[in-house]
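Participant: fold the stuff below for me.
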Amino acid sequence: MAKLWKLAQFVIGLSLGYLIPCLYGPSLPDPPPSVSLPTHTSANMAKPLLPLFVGVMTARKYLSTRACSVWRAWGKEVIELGGEIRFFVGEGDTVEAAPGEWCGVPLVVLNGVEDGAYPPQEKSFMMLAWMWDNFGSKARWFLRADDDVFVKVEQLVEFLRPINDSEPQYIGQAGRGRGLEEGKLDLDWNQNFCMGGPGVVLSWTTLSLMRDQIPSCLASLVTSHEDVEVGRCVARSTGRACTWAYDMQTLFYHSSGGKDDKGSEVVPAKVGERVLQHALTIHPLKQPENMENMAVKVASSKRTEVRTRALKARVMAAKLAEDLPAGSVPEVEMLDGDLLDNLSVLKGPWDLILNHQLYSVKAGGARRKVPQHLAEGLTRVVGHVLDVINAEASEKGRIIEFRDLFYAYVHTDPKYGLTYILDLLLLYKRYKGNKMTVKVRRHVYVRQPFLPLVAMLEEEDQESNPPSVPVLSGDGGLGVAQDTRQSVTVIVPVAGEKKIPVVRRFLENYEKEVLSQLQPARLVMVVFKEEEGDSQMEAAVREGTEALESNYPGYDFTVTVLSMSFNRGVGMMAGIKLCVKSELLLLIDVDIQFSGEALDLVRSFSKPGEQVYFPIVFSMFKGEKEGYWRDFGFGIMSAYKQDIERVQGFNTTITGWGKEDVDLYERFLSTNISIFRAPTPHLVHRYHPVTCSPSLPTTQAAMCKSSKASNYLPLGELVDKILNSSLLNG
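Facilitator: Below is the predicted model:
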């Protein structure tokens, strides 16, 4: 009986364990409707399927410009590799009124579609319908492209080859809307769309399931964005979302920014080497000359890569020949076996790059800016190092990102080429298993041999400018999971069109001293919109912070706008309200230039409930050659939010120049919180003219005039001006 009772208890417990979660647990979302996958009609036919069909959506007014440049730059390559391509326009008044050729372009006119209608939602959907109706049984993959995207066709075909086209596939760079659009595109939390600009790839299975839904998708548009609606239609037809993979931002490259955030024109001469190497598509290139120059640049890069592989093969052959009997291999074909990996064969001095400055023995050891050709070489070398390290990153569930270059030794030799010894700060991210993010420091030895000389005959009056390559800099996420330092929230109020260059200078300084040094920090910028239509400052701030956010994902940037005249106290309090009580705040002005050490001082001298920090900054005179310690200034301070709230923050009734900082300082004096005050060379007030309004109260007016006079010139120059003035010399 005891055994039977135990068995019964076990069965009852097992049943309850299954039923209770079902009855009381949270309901799961409904599964997507089951999709019956079609069978490709030509799967058993002898004729092989096309690897790719490309539909380029253009307009009649661009046929002789953008469309022709696409055809010359990469369109013909689609056909050369066994694919097909068509250019799609709507009905219009152009002479070309029926399908045919336009400068060699295979053209399709979509009947019943207005060519100039914008947004081109109907044109896009009808193009997809035409693609399936005419090539659905003939191709494996379909690329929907605009006339301003460059496609590396061979690499795209190779990328798609191992992917199962019999499954619904929707491939591209995922988006959810930018700026004010985000959250307003009627997308669920787990929905997205493939951005149309860099191109969208659909498997034949996806297009087949989508074809019958196109009329209903067109009849139920929710937004004015063509790519969003295509994504919604794909989701309705297949239940699939756009590829979320982080790599898609690189593979389907979109240069952000530009008018209405539709993309900033890509200039081939300024394209980064890593983009050129890894991107499958590059967008946007609206200027025909940029489209065709990109084709030349890609072909040149491919040629260099082939010659490099050939050089490596010859060096390997030379090493193998060392073990063969003498004379068995013609010496004329052999290279020096030490060409790539023997450091001891190098003679002569090495140049040093430290803090992004070049110290060269040949130039007398003087410090100077890193030359463009050397900066380009370093950028390519570091990119190559990361490519080698990350060759099997996806399989291993980790990624290595570049953060900074501590120093580099560079040696140039006419025989062995350029040799680098690099000290790199890298970021190790593991996203499988035990997730972690760690900063690592590695020494790397790289040799970049010269390729064989190529003789070229150029006309004497021909000018050629070397490509411009950005100076080596970090890019990527925050990665400070192991950093135990207190994060600092920097709050900056700004106003006025004249301050836009100062804002840009401040953001450059913030990138150099905070972001590139992996300082744990957050930036809050309060923008005053002083007049109706005064949007230039807001646009400049958002453009700058969005660019930094793109380059340093993981860092927090907050921009808030106040529609009123500038009031420093109000601005600071608006920024403070966006923070939590435990945050450490640094209240600063946009004219302040600071270093990373300044944030360390903020952490050291600000203690919650015990101490606040009012540093004495160094203020520059007019001309910025000399300066003085601004011991009467209290505008720059740091404290925890809870301590600022303890004294009720700034007096927001104070208007005009000054006094709000002195008032806050005096409020802290009336508490038992200690005030730490000391000069710091890591906070510098850059010179700017001071305007004292005639309407200022007497106290503020006196303070303003005193500050204006103190900032004007150093005492020595003032004495010289007076002694040499006409007042004394008649």
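Participant: hey, let's count contacts and neighbours off CA atoms from now on
Facilitator: Noted.
Participant: now do Tyr445 against Tyr420, distance only.
Facilitator: 6 Å (Cα to Cα, to the nearest Å).
Participant: more neighbours: which of those two?
Facilitator: Tyr420 (21 against 14; other Cα atoms under 10 Å).
Participant: so the more buried one sits right up against His411, yeah?
Facilitator: Yes - counting by Cα atoms under 8 Å, His411 is a contact partner of Tyr420 at 6.6 Å.
Participant: so what's Ile673 up against?
Facilitator: Gly609, Glu610, Gln611, Val612 (Cα atoms under 8 Å, 6 or more residues apart in numbering).
Participant: what does Gly175 give?
Facilitator: Asn192, Phe193, Cys194, Met195.
Participant: contacting residues for the last one?
Facilitator: The contact partners of Met195, by Cα under 8 Å, 6+ apart, come to Gly172, Gln173, Ala174, Gly175, Asp227, Val228.
Participant: same check on the second one?
Facilitator: For Phe193, the set of contacting residues under the criterion of Cα under 8 Å, 6+ apart consists of Ala174, Gly175, Arg176, Asp227, Val228, Val230, Gly231, Arg232, Ala241, Cys242.
Participant: next one: the first one
Facilitator: For Asn192, the contacting residues are Ala174, Gly175, Arg176, Val228, Gly231, Ala241, Cys242, by Cα under 8 Å, 6+ apart.
Participant: of the residues you listed, closest to Val382?
Facilitator: Ala174 (27.6 Å; Cα to Cα).
Participant: nearest spatial neighbour of the closest one, skipping sequence neighbours?
Facilitator: Computed as Cα to Cα, 6 or more residues apart in numbering, the closest residue to Ala174 that is not its neighbour in sequence is Cys194, at 4.7 Å.
Participant: does the one you found really touch Val200, like I thought?
Facilitator: Yes - between Cys194 and Val200 there is a contact at 6.3 Å, judged by Cα under 8 Å.
Participant: still on that earlier bit, buried members of the contacts of Met195 into PyMOL, please.
Facilitator: In PyMOL, this line selects whichever of the contacts of Met195 come out buried by 16 or more other Cα atoms under 10 Å:
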select buried, resi 172+173+174+175+227+228
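Participant: pipe the contacts of Met195 into CSV and attach secondary structure and distance to Glu395 per row.
Facilitator: Putting these into CSV (DSSP: H, G, I helix; E, B strand; the rest coil; distance: Cα to Cα, whole Å) gives the following:
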residue, secondary structure, distance to Glu395
Gly172, coil, 21
Gln173, coil, 21
Ala174, strand, 22
Gly175, strand, 25
Asp227, helix, 31
Val228, helix, 32
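Participant: among the contacts of Met195, find the lowest-pLDDT one for me.
Facilitator: Sorting these by pLDDT puts Gly175 at the bottom of the list (83).
Participant: now it: how far from Glu546?
Facilitator: The spacing between Gly175 and Glu546, counted by Cα to Cα, is 15 Å.
Participant: likewise for Asp589?
Facilitator: 20 Å.
Participant: so what's the residue count around Asn164?
Facilitator: 12.
Participant: my bad, Gly112
Facilitator: 12.
Participant: beta partners of the closest residue to it other than its chain neighbours?
Facilitator: The shortest distance from Gly112 to any non-neighbouring residue, by Cα to Cα, 6+ apart, is to Glu91 (6.7 Å). Glu91 has these beta-bridge partners by DSSP bridges: Glu114.
Participant: make sure Glu91 is actually in contact with Asp115.
Facilitator: Yes - using Cα under 8 Å, Glu91 is in contact with Asp115, at 5.3 Å.
Participant: can I get the contacts of Phe193 in a markdown table including distance to Arg211?
Facilitator: Shown next, in a markdown table, are the contacts of Phe193 (distance: Cα to Cα, whole Å):
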| residue | distance to Arg211 |
| --- | --- |
| Ala174 | 22 |
| Gly175 | 23 |
| Arg176 | 24 |
| Asp227 | 16 |
| Val228 | 17 |
| Val230 | 11 |
| Gly231 | 13 |
| Arg232 | 13 |
| Ala241 | 17 |
| Cys242 | 18 |
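Participant: for the strand or helix carrying Met131, what is the average pLDDT?
Facilitator: Assigned by DSSP states H and E, Met131 belongs to helix 121-135. Mean pLDDT, helix 121-135: 94.
Participant: buried set for it?
Facilitator: Quick answer for helix 121-135 (16+ other Cα under 10 Å): 121-132, 135.
Participant: which one of these is nearest Ala393?
Facilitator: Leu128 (35.2 Å).
Participant: how far away is that closest one from Phe450?
Facilitator: Distance, Leu128 to Phe450, using Cα to Cα: 48 Å.
Participant: cool, Phe125 as well?
Facilitator: In terms of Cα to Cα, Phe125 sits 51 Å off from Phe450.
Participant: show me where pLDDT drops low in the stretch 1-150 of the chain?
Facilitator: Where the stretch 1-150 of the chain drops to pLDDT under 70, the residues are 1-48, 93-102.
Participant: let's see 50
Facilitator: For the stretch 1-150 of the chain, residues meeting the criterion pLDDT under 50 lie at 20-34, 42-46, 95-101.
Participant: then the stretch 201-350 of the chain?
Facilitator: Using pLDDT under 50, the stretch 201-350 of the chain drops low at 332.
Participant: ranges for the strands of it?
Facilitator: 252-254, 281-283 (DSSP state E, counting those that start in this stretch).
Participant: between these, which gets nearest to Arg646?
Facilitator: Closest approach to Arg646 among the strands of the stretch 201-350 of the chain is made by strand 252-254 (47.5 Å; Cα to Cα).
Participant: what pairs with the closest one, parallel or antiparallel?
Facilitator: strand 281-283 (parallel).
Participant: show me the contact partners of the strand it pairs with.
Facilitator: Contacts of strand 281-283 (Cα under 8 Å, 6+ apart): 148-152, 197-199, 251-255, 263, 265-266.
Participant: let's go with 7 Å and repeat that
Facilitator: Strand 281-283 has contacts (Cα atoms under 7 Å, 6 or more residues apart in numbering) with 148-152, 197-198, 251-255, 266.
Participant: now, which of these lie within helices?
Facilitator: Leu251 (DSSP state H).
Participant: closest to Arg485 among the contacts of strand 281-283?
Facilitator: Ser255 (34.1 Å).
Participant: dihedrals phi and psi, the closest one?
Facilitator: Note on Ser255: its backbone torsions stand at phi -80, psi 110 [degrees, to the nearest 10].
Participant: what about it, how many residues close to it?
Facilitator: Residues near Ser255, counting by other Cα under 10 Å: 18.
Participant: so it sits right up against Ser264, yeah?
Facilitator: Yes - judged on Cα atoms under 7 Å, Ser255 makes contact with Ser264 at a distance of 5.5 Å.
Participant: list the residues that contact both of those two?
Facilitator: Common neighbours of Ser255 and Ser264, counting by Cα under 7 Å, 6+ apart, are Pro284.
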